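# Here is the input, now give the coordinates:
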Amino acid sequence: MTDMPDDPRLHTRLCDLVGVRHPIVQTGMGWVAGPRLATATAEAGGLGILASATMTFDEMVAAIDEVRAGTDAPFGVNLRTDVDDIDRRIEHLITAEVRVASFAQAPGPATVARCREAGLVAIPTIGARRHAEKVAEWGVDAVIAQGAEGGGHTGAVPTGVLVPQVIDAVDLPVIAAGGIVDGRGLAGALAWGAAGIAMGTRFLLTSDSSVPDNVKAEYLATPANGTVVTTAIDGAPQRVVATDMVRRLEAARLTRFPRAAANALRFRRLTGTPLRALVAEGLRMKRSQDLTWGQVALAANAPMLTRATMVEGRTEVGILPTGQGVGAIDELPSVAELVERILAEASAALDRLCGAGD
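Predicted coordinates for the structure are as follows:
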């Protein structure tokens, strides 16, 4: 980073809420957002978020310690709320003085209340205006509003429609996400009234990301129309690169369940999850999300497919979650370079809007 002074126009409610210099969030991508990426983002002045959903409790503790050893800046941890040890994880975040708990699912009133009591900032991701209104009633501190262009699990409302709707609906800092990859996206989000932006794919495609180089090359070769939203991976709509593997999953309707069940058991062994806990989680998912048993098996299978790509580099058998912004990315800067560039681009965009220099 340079020693240039920060643009005061880019200091927002989000910066004040979580104590970061810049209104830029690196999202908690499973198997991707580990200590190295979260630390690099925090050091660059953004909000780095660890993805703990694919970690055991002990792995999460070690990852938090590693980030803490690498930076004094605030950071966050992304959590799943449908796991047996969610309360234990929340308590550890509080003890470890993590600044932000982010949630890919609705955290529930009791979880939000515990976060607020301890001063842990609660920021769920939502994909619809009504979801934002509900979590606002529970007392969350901010929301990430992710539009349909976003990677991984995503809703049906485009970012440009969703974000202004949510801003009008709730009196909270709203962080825009979905298809944003540069400073023009940040300036546009601020023009809507957002308090910042959140990006996943753009941070995945940096030199600080631990994703294997051959996988990054697959992403860089993907055009904007090279993604698809499918339910074949885990039963819920998810935007991914339209690979041969995804097409096979879409077609394999008769063999999908047994294959998914086998991979779910592999994931259980990998993470040390007791079989009883895996079954209990499946029952919870079936009740809370009204899933069929086939969809439950798919959901349990999904982490193995994603891990095969993001950790093992096996693109032929893996899944590549991505936002549509992937088509606008053609290089791998460091996180520090990326953040500095986004800030410069945003300032230049705001200058043009305000007629600076005329």
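# What ranges does the stretch 51-200 of the chain have for its helices?
With DSSP state H, counting those that start in this stretch as the definition, the stretch 51-200 of the chain shows helices at residue ranges 57-70, 86-95, 109-118, 129-138, 159-169, 183-192.
# ditto for the stretch 201-350 of the chain
With DSSP H, counting those that start in this stretch, the ranges of helices along the stretch 201-350 of the chain come out as 201-204, 213-220, 244-251, 256-271, 275-289, 293-310, 335-354.
# Could you check how far the first one is from the centre of its chain?
Its chain's average C-alpha position is 10 Å from that of helix 201-204, according to CA atoms, centre = their mean, to the nearest Å.
# now swap in the second one and tell me
Here helix 213-220 shows a centroid-to-chain-centroid distance of 19 Å under the convention CA atoms, centre = their mean.
# Mind listing what's buried along that helix?
The neighbour-count check on helix 213-220 (16 or more other CB atoms under 10 Å) flags 215-216, 218-219 as buried. Backbone N, C-alpha and C define where each C-beta goes, glycine included.
# what about A110, neighbour count?
Here the count is done by other CB atoms under 10 Å, and A110 has 10 residues near it.
# same thing with the one 5 residues further on?
The local packing count at C115 equals 23, with neighbours defined by other CB under 10 Å.
# how about the residue lying closest to P237 once chain neighbours are set aside, what does it touch?
Once its chain neighbours are removed from consideration, P237 has its nearest residue in V229; the separation is 5.1 Å (CB to CB, 6 or more residues apart in numbering). Contacts of V229 were listed using CB atoms under 8 Å, 6 or more residues apart in numbering, and they are 148, 154, 237-239.
# Mind checking which of these are in strands?
In strands, judged by DSSP state E, the following of those are found: 238-239.
# Can you tell me which of the contacts of V229 is closest to A51?
Comparing the contacts of V229 against A51 with CB to CB places Q238 closest, at 15.4 Å.
# Reformat the buried residues of helix 213-220 as a markdown table; add pLDDT and distance to W138.
Written out in a markdown table, the entries for the buried residues of helix 213-220 read as follows (pLDDT from 0 to 100; distance: CB to CB, whole Å):
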| residue | pLDDT | distance to W138 |
| --- | --- | --- |
| V215 | 96 | 37 |
| K216 | 97 | 38 |
| E218 | 96 | 39 |
| Y219 | 97 | 36 |
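# which of the contacts of V229 sit farthest apart?
Spatially, the most separated pair among these is A148 and Q238, at 11.6 Å (CB to CB).
# Now for those two: what residues contact both?
A shared contact of A148 and Q238, defined by CB under 8 Å, 6+ apart, is any residue touching both; here these are 154, 229.
# got the domain boundaries for this protein?
What the record gives for the chain is the domain set 8-212+330-354, 223-310, from automatic domain parsing.
# looking at those domains, which has the lowest confidence?
Lowest mean pLDDT within these: domain 223-310, at a mean of 68.
# what about that domain, how long is it end to end?
Distance between the two ends of domain 223-310: 19 Å, counting by CA to CA, to the nearest Å.
# What about the residue nearest to A187 when sequence neighbours are not counted, how many residues nearby?
Counting by CB to CB, 6+ apart, the nearest residue to A187 once its immediate chain neighbours are dropped is A349, at 3.6 Å. Taking other CB under 10 Å as the neighbour definition, A349 ends up with a count of 19.
# does A349 really touch G185, like I thought?
No. Under the criterion of CB atoms under 8 Å, A349 is not in contact with G185, lying 9.2 Å apart.
# so which of the helices of the stretch 51-200 of the chain comes closest to R307?
The stretch from these with the least distance to R307 (CB to CB) is helix 57-70; that distance is 13.1 Å.
# List the buried residues in that closest one.
If you call a residue buried by 16+ other CB under 10 Å, then helix 57-70 has these buried ones: 57, 60-61, 63-64, 67, 70.
# Show residues contacting it.
With contacts defined as CB under 8 Å, 6+ apart, helix 57-70 is touched by 34-35, 38-39, 42-43, 48, 50, 52, 55, 75, 77, 85, 88-89, 92-93, 96, 98.
# Just the buried residues from those residues, in PyMOL please.
To isolate the buried ones among those in PyMOL, judged by 16+ other CB under 10 Å, type:
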select buried, resi 34+35+38+39+42+43+48+50+52+55+75+77+89+92+93+98
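# In strands, which of the contacts of helix 57-70 fall?
With strands identified by DSSP E, the entries of the contacts of helix 57-70 that belong to them are 48, 50, 75, 77.
# And for D351, the neighbour number?
When counting by other CB under 10 Å, one arrives at 15 neighbours for D351.
# That one and V157, how far apart?
Between D351 and V157 the distance, using CB to CB, to the nearest Å, works out to 31 Å.
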